[in-house]
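# how would this look folded up:
(one chain, ligands or ions: 3)
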Amino acid sequence: MTQQNEKKPMDMEFELKAALKCSATLEGSVSQADIDELVASCNTNLLKRGAPPGCGAEIVKWNVAEDKIKLKIVSDRFVRAHDALLRLKKEFGKLLGKHRIGIRGIEIEKYKIALDWGEEEGLRVRNLPFVKEIKQEKGSLELLLDVDESALDKRIPDRLIRLLEDKIDAARWKGKSEHWELLFESEKKPYHFDKDPTEEMLKRGWLQHAAGRGQYVYGPQLTKIFRALEKILLDELLTPLGYNEMIFPKFVAWDVWKRSGHAKGIYPEAYYVCTPKTRDPEYWEDVMDYFKVTNEVPLDMIMGKIENVGGMCYAQCPPFWVFLQGKIMPDEILPIYVFDRSGTSYRYESGGLHGIERLDEFHRVEVLWMGTKQQTIEHAKELQKRYRTIFHDILDIEWREAWVTPWFMAQEGKAGLAELREVGTTDYEAVLPYSGKWLEFQNVSVNGNKYPKGFSVKLQSGEELWSGCSGVGLERWAAVFLAQKGLDAENWPEKFSSVVGELPEVFKFL
Ligand code: ATP
Ligand code: ZN
Ligand code: MG
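Numbers count the residues shown, from 1 in each chain. Ligands and ions are numbered 1, 2, ... in the order given. Predicted structure coming up:
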């Protein structure tokens, strides 16, 4: 097995001490000579199988004590010691079977993996799952694993190694700070405003801070602006391109994020959702009583009585794919165009919150298309053309488009693939005159076969199904437009004004 990419494979050494636990004592039935002979033959054949000459695993020590066969296995990366052990379990099973003895299980006494960590001295690894001790010295990383037979069956050691390789890739990837490349820049536009639009809208009462962090109550004026933007998207892009509306769930169960890949890294930004452990009112009586007596909600008590089941919508399209999960579709129904605007998205943005530009709760139209590879790529181009018309002719804003590597590729360290210009993301950014900063207000992504693969969706012909998505953040569209054009309708482009109409004045405060 040779690795084809230019990355040099990590050097690894494995040392495993384990015992095969048998159903009866071996003393008196299986002779030491039989065991020795089997060990010798495994060392030359079984444990070298699949490895280049001179490589593989080896049993370096063994002995039989009552009902246990104790083995010490050392290996390289070609036949990892735990794979060797699983192979040995079968082989020893055959020998013992002749004596009517079975193998009950595997006991792991010690499992040490040493990895070549040469270039990665800057990267510290402090904790890993299923690892009880980590020694990091220049040049190497030594792991003492805490695994049992079921962990071996689940291929935990291999996944740990994969995880470390990913961490190295991610670290290298971070080092190369720029994965941003300008694709298009609009002409300069005159700005009519130099203030932060959220501040101005707060003064005018177009919105109010809501009770939650990064959350607003939008008044009739701003709501009308959002709806106008949505209508423009519908009339200029979704309807003419033949899009159909769907309703995607806004609570996302873990299984969805496992399949979409978000489960790899969403944790610091997720809004978590919990359900009560029981809906029995008696179970909750102490909480209710506490609140009645103190007027405080006892969060600690609640935490013990709920369980997490997933999170709130983060990227909008993942839960759609459950609609197609496990299905086979006839090719002739492609391409398919659908969109969702049925609810809010949530991200814990921590200290990054800023007005309607960066919220914890926001509104987005998700545009989703799928087809063959070629259809999917072609359609992304068609969308980009239509978006340009909207930004140029209707909103009359100054913006730019940049090629960026999407999160799931950056995370997996696949910088190279993006060069193909097939799978990847185009970000749309606009300048905010009040700060001079550029803000991403939407994107167009070609996701390759990532989602169909994750959700096992196939085409009848066997050809690969591809998909793409584009997230139109209504708050971001509004933030960009209002930051450049201001809040006064007389400075708005005619085409936009005619869609919005009069802004309603409903509330007055004393
Ligand atoms: P940023 O880099 O600004 O955090 P992102 O790369 O996290 O953006 P995406 O994951 O590409 O954003 O999300 C798609 C779209 O969703 C964005 O283009 C934007 O319109 C909207 N969006 C994302 N996060 C927020 C937020 N916190 N507040 C408002 N809109 C958001
Ligand atoms: Zn999406
Ligand atoms: Mg973000």
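
# which residues of the chain lie near ligand 2?
Within the chain, the positions adjacent to ligand 2 are 317, 469 by C-beta under 5 Å from the ion. From N, CA and C alone the C-beta is placed, and that goes for glycine too.

# helices and strands around the lengthiest strand in the chain, which ones?
Assignment by DSSP state E gives strand 103-116 as the longest strand of the chain. With contacts taken as 3 or more C-beta pairs under 8 Å, 6 or more residues apart in numbering; DSSP states H and E, strand 103-116 sits against strand 12-22, helix 81-97, strand 140-145, helix 149-153, helix 156-175.

# quick one: the third one to helix 156-175, angle?
In other words, strand 140-145. 140 degrees (axes from the mean of the first three to the mean of the last three C-alpha atoms, to 10 degrees).

# need the contact partners of strand 140-145.
Strand 140-145 is contacted from outside by 108, 110-117, 125, 128, 130-136, 156-157, 160, 164, using C-beta atoms under 8 Å, 6 or more residues apart in numbering.

# at 10 Å instead, please
Contacts to strand 140-145, defined as C-beta atoms under 10 Å, 6 or more residues apart in numbering, come from residues 10-16, 82, 108, 110-118, 120, 123-125, 128, 130-136, 151-152, 156-157, 160-161, 164.

# and it, how far out from the chain middle?
Offset of strand 140-145 from its chain centre (C-alpha atoms, centre = their mean, to the nearest Å): 27 Å.

# next: the fourth one.
Relative to the mean C-alpha coordinate of its chain, helix 149-153 is positioned 26 Å out (C-alpha atoms, centre = their mean).

# just the longest one next, same as before
For helix 156-175, the gap between its own C-alpha mean and the chain's C-alpha mean amounts to 15 Å (C-alpha atoms, centre = their mean).

# still on that earlier bit, just send the helices and strands packed on strand 103-116 back as a markdown table, with distance to residue 196, mean pLDDT and mean neighbour count too.
Listed next are the helices and strands packed on strand 103-116 as a markdown table, based on distance: least, C-beta to C-beta, whole Å; pLDDT from 0 to 100; neighbours: other C-beta atoms under 10 Å:
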| stretch | distance to residue 196 | mean pLDDT | mean neighbour count |
| --- | --- | --- | --- |
| strand 12-22 | 54 | 96 | 20 |
| helix 81-97 | 58 | 95 | 19 |
| strand 140-145 | 48 | 94 | 18 |
| helix 149-153 | 53 | 94 | 16 |
| helix 156-175 | 31 | 84 | 16 |
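
# make TSV out of those and add distance to ligand 1.
Output for the helices and strands packed on strand 103-116, formatted as TSV (distance: least, C-beta to the nearest ligand atom, whole Å):
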stretch	distance to ligand 1
strand 12-22	36
helix 81-97	38
strand 140-145	32
helix 149-153	34
helix 156-175	15
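
# circling back: what's the angle from whichever helix or strand comes after the longest strand of the chain to strand 103-116?
With elements assigned by DSSP states H and E, the helix or strand that comes after strand 103-116 is strand 131-137. If you take the same axes, to 10 degrees, strand 131-137 sits at 20 degrees to strand 103-116.

# give the rounded mean pLDDT of strand 131-137.
The average pLDDT for strand 131-137 rounds to 93.

# can I get the CA coordinates of it in CSV?
Provided in CSV are the C-alpha atoms of strand 131-137 (Å, rounded to 0.1, in the frame of the first residue of the first chain):
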residue,chain,number,x,y,z
VAL,A,131,-5.7,7.8,25.6
LYS,A,132,-4.5,7.7,29.2
GLU,A,133,-1.1,9.2,28.7
ILE,A,134,0.6,11.4,26.1
LYS,A,135,4.3,12.0,26.0
GLN,A,136,5.4,14.6,23.5
GLU,A,137,9.1,15.0,23.0
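
# now it: buried residues?
131, 136 (16 or more other C-beta atoms under 10 Å).

# and the contacts of that strand?
Under C-beta under 10 Å, 6+ apart, the answer for strand 131-137 is 111-115, 117, 120-121, 123-128, 141-147, 156-157, 160.

# where in the chain is the helix or strand with the lowest mean pLDDT?
helix 415-418 (a mean of 50; mean pLDDT, DSSP states H and E).

# after that one, next one along is what?
strand 424-432.

# and that following strand, average pLDDT?
Per-residue pLDDT over strand 424-432 has a mean of 95.

# and it, what does it pack against?
strand 180-185, helix 373-389, strand 399-404, helix 407-412, helix 415-418, strand 437-446, strand 466-473, helix 474-485 (3 or more C-beta pairs under 10 Å, 6 or more residues apart in numbering; DSSP states H and E).

# for the closest residue to ligand 1 within the stretch 151-300 of the chain, helix, strand, or coil?
Here the stretch 151-300 of the chain gets closest to ligand 1 at one residue, residue 214, 7.1 Å apart by C-beta to the nearest ligand atom. Assigned by DSSP: H, G, I helix; E, B strand; the rest coil, the conformation of residue 214 is coil.

# picking up where we left off before, can you list the strands that the longest strand of the chain pairs with?
strand 12-22 (antiparallel), strand 140-145 (antiparallel) (DSSP bridges).

# buried residues, it. List them.
Neighbour-count burial for strand 103-116, counted by 16+ other C-beta under 10 Å, picks out 103, 106, 108, 111-113, 115-116.

# quick check on residue 491: phi, psi?
phi -90, psi 0 (degrees, to the nearest 10).

# OK, contacts around it?
190-193, 484-485, 497.

# so among those residues, which ones count as buried?
By neighbour count, with 16+ other C-beta under 10 Å, the contacts of residue 491 hold 191-193, 484-485 as buried.

# low pLDDT regions in the stretch 201-350 of the chain?
Counting by pLDDT under 70, not a single residue of the stretch 201-350 of the chain qualifies.

# run through the helices of it in chain order.
Per DSSP state H, counting those that start in this stretch, the stretch 201-350 of the chain carries helices over the ranges 220-233, 254-260, 285-294, 299-303.

# which one of those helices lies nearest to residue 359?
For residue 359, the closest of those is helix 220-233, at 12.8 Å, according to C-beta to C-beta.

# hang on, the earlier thing: same list (the buried residues of strand 103-116) but as a markdown table, adding pLDDT and distance to residue 291.
Putting the buried residues of strand 103-116 into a markdown table (pLDDT from 0 to 100; distance: C-beta to C-beta, whole Å) gives the following:
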| residue | pLDDT | distance to residue 291 |
| --- | --- | --- |
| 103 | 95 | 57 |
| 106 | 96 | 52 |
| 108 | 97 | 49 |
| 111 | 97 | 50 |
| 112 | 97 | 53 |
| 113 | 97 | 51 |
| 115 | 92 | 53 |
| 116 | 88 | 57 |
